[in-house]
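Student: Okay, here's the prediction I keep looking at, along with the sequence it came from:
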Amino acid sequence: MRSTILITSPDQWVVPGQELFQFGPIIPGGPEWSTEPVLVAMLSAVVAIALCWAAFAKPKIIPRGRQSIGEYAERLTVLGAGLGVIGVAMTIVMTAFEMFIMFLQAFLFAMLAAMFIASGLRGSH
């Protein structure tokens, strides 16, 4: 049998709350919007723009080097990234819909079975 050992007493431990997501400014006294998540988003945007600029600055008919890598990353599916995302989303939605229909069928069968059993328990026939 395993026992749980708490490092802190139950009175001292507090469940984390929304303060985990309250970021202060990077520079004390600076603008309120300059937080770490904003910095990460800006750096990510700069990296994405730089990679696209490097790949597609001088396009050629037959892609070579960075253009080839950029076009490969751009083409997630044969018809584009949008179809790939919508295809996955629609697969999930249709699977959920099929599961809902199966649930309705099972519920209807259970209701009919309960009605049949209940009608046999009454001595009306």
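Tutor: That came through, no problem.

Student: Outline the domain layout of this structure.
Tutor: Under the assignment automatic domain parsing, the domains of the chain span 34-74, 81-120.

Student: Tabulate those (a markdown table), appending distance to residue 17 and mean neighbour count.
Tutor: For the C-beta atoms, the positions are set from N, CA and C on the backbone; glycine is no exception. Listed next are those as a markdown table, based on distance: least, Cβ to Cβ, whole Å; neighbours: other Cβ atoms under 10 Å:
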| stretch | distance to residue 17 | mean neighbour count |
| --- | --- | --- |
| domain 34-74 | 18 | 12 |
| domain 81-120 | 31 | 10 |
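
Student: out of those domains, nearest to residue 19?
Tutor: domain 34-74 (13.7 Å; Cβ to Cβ).

Student: Please compute how far the closest one lies from its chain's middle.
Tutor: 23 Å (Cα atoms, centre = their mean, to the nearest Å).
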